[in-house]
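Participant: Next come a sequence and a model predicted from it.
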Amino acid sequence: MRITWLGCAAFAVEAEGRTLLLDPFATRCALHRVAFAPLEPDRAAIDRWIPRVDYVICGHAHYDHALDAPAIARRDDALLVGSRTLCLVARAAGVPEAQLREVPPDGARLRLGPFNVRLVPSVHGRWAFGRMLFAGCLDEPPRLPMRAAGWVDGGVFGIHVEAQGASLYHAGSAGIVDGALQGLRADAVLACLAGRRFTPGYLERLAGALRPGLLVASHFDDFFRGLDLPLRTLPGTGVHDFPREVRALGVTPLVPAHLASFVVGD
């Protein structure tokens, strides 16, 4: 599998000529816009930074994971997979029902082309002052566009993907449900660092459960800046300590640059 980091928690995963997109977010709104204005996908940014894809999966429905997903699904006639909340937003954005796959709270197993996918229950990491931000679920299609607070998480999933004899686990938020990881293994773990200091033993628990050879940092970049600007890190992610911490666990660390690709498996 060839994996490309698209900033924030977004990754494109390629295998056998198909592309699976995880938690896409190219719009990357400036902080003042997030604070005061309804949010809309930037279609020019999507076309510039997001490749053509076959499948889109969102681990949760916060705006920095899901704002662009309906627009990408419509652009590419791609299947969009996620929680009921995500599907309600997608319907409001005009995504056809045939392109939606709703995942129940206890997760799901899916075959998407060459990809075997398992969505496992997780929880959102804590962030500002140790609080959960924008928690909850939607009960009906929302009126779009919404402000950031309207993009509630909708329930959180970790995403396990297997293809071409290789496997990865995408942790789009720094929360863990340890029991949900039992029986899983991943060659690479794509680990959100935002808010990780509020999850005790976060990296140790991921590495201990999934036994990866590679631990990849994600969601450490300042996502209020466009992808055309130099990467700047978010405060509190501990990304500079990440390589040392991961090596101490006997795992290879990777802190990618924006749009950098790497290969997992042969």
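Facilitator: On my side now, so go ahead.

Participant: so where do the helices sit in the stretch 101-250 of the chain?
Facilitator: Ranges of helices in the stretch 101-250 of the chain, per DSSP state H, counting those that start in this stretch, are 202-210, 242-248.

Participant: Among those helices, which comes closest to Q164?
Facilitator: If you check each of the helices of the stretch 101-250 of the chain against Q164 by C-beta to C-beta, helix 202-210 wins as the nearest, at 18.4 Å. Backbone N, C-alpha and C define where each C-beta goes, glycine included.

Participant: could I get the helices of the stretch 101-250 of the chain as TSV with mean pLDDT, mean neighbour count and distance to R143?
Facilitator: Converted to TSV, these look like this (pLDDT from 0 to 100; neighbours: other C-beta atoms under 10 Å; distance: least, C-beta to C-beta, whole Å):
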stretch	mean pLDDT	mean neighbour count	distance to R143
helix 202-210	97	19	36
helix 242-248	98	16	40
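
Participant: quick one: low-confidence parts of the chain?
Facilitator: 128-131 (pLDDT under 70).

Participant: gap between G136 and D153?
Facilitator: Between G136 and D153 the computed distance is 7 Å (C-beta to C-beta, to the nearest Å).

Participant: got it, and A207?
Facilitator: Distance of A207 to D153, given as C-beta to C-beta: 25 Å.

Participant: Kindly report the same for H160.
Facilitator: To D153, H160 is 19 Å away according to C-beta to C-beta.

Participant: same deal with L133?
Facilitator: 9 Å.

Participant: who's more crowded, these two?
Facilitator: Per other C-beta atoms under 10 Å, whichever of L133 and D153 has more neighbours is D153, with 23 against 16.

Participant: And for that one, nearest residue in space, chain neighbours not counted?
Facilitator: Nearest residue to D153, sequence neighbours excluded (C-beta to C-beta, 6 or more residues apart in numbering): H60, at 4.4 Å.

Participant: and if you look at P105?
Facilitator: Nearest non-adjacent residue to P105, counting by C-beta to C-beta, 6+ apart: G155, 5.4 Å away.

Participant: Look up phi and psi at that neighbour.
Facilitator: Per-residue torsions, G155: phi 100, psi 150 (degrees, to the nearest 10).

Participant: and it, how many residues sit next to it?
Facilitator: Applying other C-beta under 10 Å, we find 26 residues neighbouring G155.

Participant: Then S261?
Facilitator: Neighbours of S261 (other C-beta under 10 Å): 12.
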